[in-house]
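*Asks:* after the sequence you'll find the predicted model.
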Amino acid sequence: MKNIKNALFVLLSAALATSCGPSLKVTSDYDKSANFQQYKTFAIDTFRMNQRISQLNANRITNAIKAEMVKKGFTENTSGPDLKINVAAVLKDQKSVSSTTDYYGYGGVYRPWAWGGGLGATGYTTYNVQNYKDGSLIIDIADAKTNNLVWEGIGNEEIDKPVKDPDTQIPAAIASIMKNFPPGAAK
């Protein structure tokens, strides 16, 4: 049960995942009318989650976001920030169903005709059901004065096991999600 609760952070390992594993899908959007040059300071405002995660991993996420903001030239200011950052971690139970039908019993292409009827031969279908978690990490950045959302980044991944090295994989995933913040910054 503990592995399931902490499984969200496999989502964050995608930045270092191999090509044979599921990869982190990152999307971002922003308010085209916002002047991102005016923002200099930030504060983490809320951290919401729909399932319990360990305090250690919640701290890793928060610290990785702070490190990314500082790397991008922002200063943390909890008393009067220009930007408020809200984080949400969401896990959903999902099922994947696949089927395989064998019309010819055995042999398939090499034996296309069965006894007694060719293509009318009976076959069987095997169904495979896989349970997994779909994990999303959502980073919302709002103007602190107006409370209007100015930027949002989302990382989503299928989760199948706990992360092996959260101290490196979580920051790498946060960097991937926040890659396009602030919009228009030199790459």
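*Replies:* Sure, I can see it.
*Asks:* low-confidence ranges, the chain, go.
*Replies:* 1-22, 52, 93-96, 102-123, 131-134, 158-162, 185-187 (pLDDT under 70).
*Asks:* for the chain, which segments count as strands?
*Replies:* Listed in chain order, the strands found in the chain under DSSP state E are 25-30, 41-49, 75-76, 83-102, 124-143, 149-159.
*Asks:* buried set for the last one?
*Replies:* By neighbour count, with 16 or more other CB atoms under 10 Å as the criterion, the buried positions of strand 149-159 are 149, 150, 151, 152, 153, 154, 155, 156, 157, 158, 159. The C-beta positions use only the backbone N, C-alpha and C, and glycine is treated the same way.
*Asks:* the fifth one and residue 176 touch, don't they?
*Replies:* It stands for residue 153. No: if you go by CB atoms under 8 Å, residue 153 and residue 176 don't touch, sitting 9.0 Å apart.
*Asks:* hang on, the earlier thing: do you know which of the strands of the chain lies nearest residue 181?
*Replies:* Residue 181 lies closest, by CB to CB, to one member of the strands of the chain: strand 149-159, at 5.5 Å.
*Asks:* on that earlier part again, shared neighbours of residue 153 and residue 176, anything?
*Replies:* Common contacts of residue 153 and residue 176, defined by CB atoms under 8 Å, 6 or more residues apart in numbering, comprise residue 26.
*Asks:* could you check the angle strand 149-159 makes with the lengthiest helix in the chain?
*Replies:* Across the chain, the longest stretch assigned as helix under DSSP state H is helix 55-71. Per axes from the mean of the first three to the mean of the last three CA atoms, to 10 degrees, the angle that helix 55-71 makes with strand 149-159 is 140 degrees.
*Asks:* need the contact partners of helix 55-71.
*Replies:* 6, 8-9, 12, 42, 44, 47, 49, 76, 85, 87, 89, 137, 139, 166-167, 170-171, 173-175, 178, 181.
*Asks:* one more time with 7 Å, if that's ok
*Replies:* Helix 55-71 has contacts (CB atoms under 7 Å, 6 or more residues apart in numbering) with 6, 9, 42, 44, 47, 76, 85, 87, 139, 166-167, 170-171, 174-175, 178.
*Asks:* show me what counts as buried in it.
*Replies:* In helix 55-71, counting by 16+ other CB under 10 Å, buried: 57, 58, 60, 61, 64, 65, 66, 68, 69.
*Asks:* which one of those is nearest residue 28?
*Replies:* The nearest one, if we look at the buried residues of helix 55-71 relative to residue 28 and count by CB to CB, is residue 68, at 12.9 Å.
*Asks:* number of residues surrounding the closest residue to the closest one other than its chain neighbours?
*Replies:* Spatial nearest neighbour of residue 68, chain neighbours left out: residue 178 (4.7 Å); criterion: CB to CB, 6 or more residues apart in numbering. For residue 178, the neighbour count with other CB atoms under 10 Å is 24.
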